[in-house]
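need a 3D model of the following:
(one chain, ligands or ions: 1)
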Amino acid sequence: MRRVSFPATRMRRLRRTEALRGLVRETELSARQLVQPLFVVSGEGVREPVSSMPGIERFSISELVSEASELLAVGIRSVMIFGIPSSKDETASGAYDGEGIVQLGVRALKDAHPELTVITDVCLCGYTSHGHCGYIRDPELEGASVDNDLTLELLAKTAISHAEAGADAVAPSDMMDGRVGMIRHQLDEEGHPDVPIIAYSAKYASAFYGPFREAAESTPGFGDRRGYQMDPANAREALREVRLDVEEGADMVMVKPALPYLDVIRRVREETELPICAYQVSGEYSMIQAAAANGWLDARAAALESLTSIRRAGADLIVTYFAKQAAGWLS
Ligand code: PBG
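Numbering: from 1, shown residues only. As a prediction, the model looks like this:
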């Protein structure tokens, strides 16, 4: 039989054993880089499965604290907290209430586990009666839209209340213009110059947030979020968003969702030296879980492959609902 003799064609030489593959592997995935999102609700002893996200639960505060112990035990040292308030109103007052659900959750987590890094999502959509990410002057009027500048005030109040509760970092996910600068300024003024901002810089108006909106009860009552979230067709615009957030003082930038936007992660990687966070969103998680439940693919292999790809594209850290499971798989 004729042999291929060009040295450059022998790509398989370095793939022959796991030890060789390990030596030349370009991308590392470890629990250290993963952030587990957690949903917190009021009540006692609550652990409510989220039907659209198999394996994910909503926790009341004491359960949240015990879940955090389990996360730390498997090597997940960072969490991102989302609150489900018991009531909502037009000014999203639950978002910046010092005794609000996120604030209580953060305090309890930091009291019990000072070594846990607690990141909070700063947005109003879970707290407004209409479910939009900002303040709307006359939600009943046709064509009503979010008032950018009034929303900034409420977001800054929210971020400060999270910092006061002990949050290690705040992550504004609302996509209002100027929010990073506003939050940075107010955090500094209020004595929190050391709290970093993880800016959701390139957050797309995505269908993949569907399962999350059920978990967080944050589906908009009318319209959609295309007036403030990005058009999936645009990548250069993401670079502009990143540049602005960096100028305004972001400490990290985020791309969200992750897998459908790997090219955006790569381009942002080339644009900035700041750490890049990617958010593997609820729909990305639930797609894999649903296919696995049907026996159509292997959840472990598909999840680890997706996470590795997100790292390969250029993400330093990943917010993922697989964090806890992945930590187990990786150990
Ligand atoms: C709040 C927020 C959303 C997500 C994170 N923060 C929902 C949205 O913008 O509709 C989505 C997360 C996910 O789907 O996992 N604005």
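
Gly75 against Leu116, yeah?
No: counting by Cβ atoms under 8 Å, Leu116 is not a contact partner of Gly75; they are 12.0 Å apart. C-beta here means a position set from N, CA and C on the backbone, and glycine is covered the same way.

scan the protein for its longest helix.
Looking across the chain with DSSP state H, the single longest helix is helix 148-165.

which residues of the stretch 101-250 of the chain lie near the ligand?
Proximity of the stretch 101-250 of the chain to the ligand (Cβ under 6 Å from any ligand atom) is limited to residues Asp121, Cys123, Cys125, Cys133, Ser173, Tyr209, Phe212, Arg213, Ser218, Arg225.

and the fourth one, how many neighbours does it have?
Going back to what we said before, that points to Cys133. Neighbour count for Cys133, taken as other Cβ atoms under 10 Å: 26.

ditto for the fifth one
By the other Cβ under 10 Å criterion, the neighbourhood of Ser173 contains 22 residues.

that one is in contact with Ile198, isn't it?
No: when contacts are counted by Cβ under 8 Å, Ser173 is not listed as touching Ile198 (9.3 Å).

now Pro85: closest residue in space, sequence neighbours ignored.
Nearest non-adjacent residue to Pro85, counting by Cβ to Cβ, 6 or more residues apart in numbering: Gly94, 3.7 Å away.

with Ala163 instead?
In space, Ala163 is closest to His192, 4.1 Å off (Cβ to Cβ, 6+ apart).

from the ligand, how far out is the one you found?
Separation of His192 from the ligand (Cβ to the nearest ligand atom, to the nearest Å): 21 Å.

cool, Arg300 as well?
Relative to the ligand, and taking Cβ to the nearest ligand atom, Arg300 is found at 20 Å.

now name the helix or strand holding that residue.
helix 299-313 (DSSP states H and E).

which outside residues touch the following helix or strand past that helix?
Past helix 299-313, further along toward the C-terminus, the next helix or strand under DSSP H and E is strand 317-320. With contact meaning Cβ atoms under 8 Å, 6 or more residues apart in numbering, strand 317-320 is reached by 33-37, 78, 80, 252, 254, 258, 275-280, 285, 307, 310-311, 326.

let's see it at 10 Å
29, 32-37, 78-80, 119, 121, 171, 198, 200, 252, 254, 256, 258, 275-281, 284-285, 303, 306-307, 310-311, 326 (Cβ atoms under 10 Å, 6 or more residues apart in numbering).

residue of the stretch 101-250 of the chain closest to the ligand, please.
Phe212 (3.1 Å; Cβ to the nearest ligand atom).

coming back round to it: in helices only, show me the contacts of strand 317-320.
Judged by DSSP H, the subset of the contacts of strand 317-320 located in helices is Glu284, Tyr285, Ala303, Ser306, Leu307, Ile310, Arg311, Ala326.

between Ser173 and Ile198, what contacts are shared?
What both Ser173 and Ile198 touch, as defined by Cβ under 10 Å, 6+ apart, is the set Met80, Asp121, Val122, Met254, Tyr279.

ok, the fourth one - contacts?
Contact partners of Met254, counting by Cβ under 10 Å, 6+ apart, are 171-173, 198-203, 242, 245, 265, 268, 275-279, 315, 317, 319.

buried subset of those residues as a PyMOL selection?
Command for PyMOL that selects the buried part of the contacts of Met254, burial taken from 16 or more other Cβ atoms under 10 Å:
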select buried, resi 171+172+173+198+199+200+201+202+203+242+245+265+268+276+277+278+279+315+317+319
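
pLDDT of stretch 303-314, averaged?
Rounded to a whole number, the mean pLDDT of stretch 303-314 is 98.

going forward, count from 50.
All right, first residue 50 from here; so that's stretch 352-363.

hey, C-alpha coordinates of that stretch in CSV?
Output of stretch 352-363 as CSV, limited to C-alpha atoms (Å, rounded to 0.1, in the frame of the first residue of the first chain):
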residue,chain,number,x,y,z
ALA,A,352,-21.7,20.4,28.1
LEU,A,353,-18.0,20.0,28.4
GLU,A,354,-17.5,20.4,24.7
SER,A,355,-19.6,23.6,24.7
LEU,A,356,-17.7,25.0,27.7
THR,A,357,-14.3,24.2,26.2
SER,A,358,-15.4,25.9,22.9
ILE,A,359,-16.4,29.0,24.8
ARG,A,360,-13.0,29.1,26.5
ARG,A,361,-11.3,28.4,23.1
ALA,A,362,-13.1,31.4,21.6
GLY,A,363,-11.5,33.6,24.2
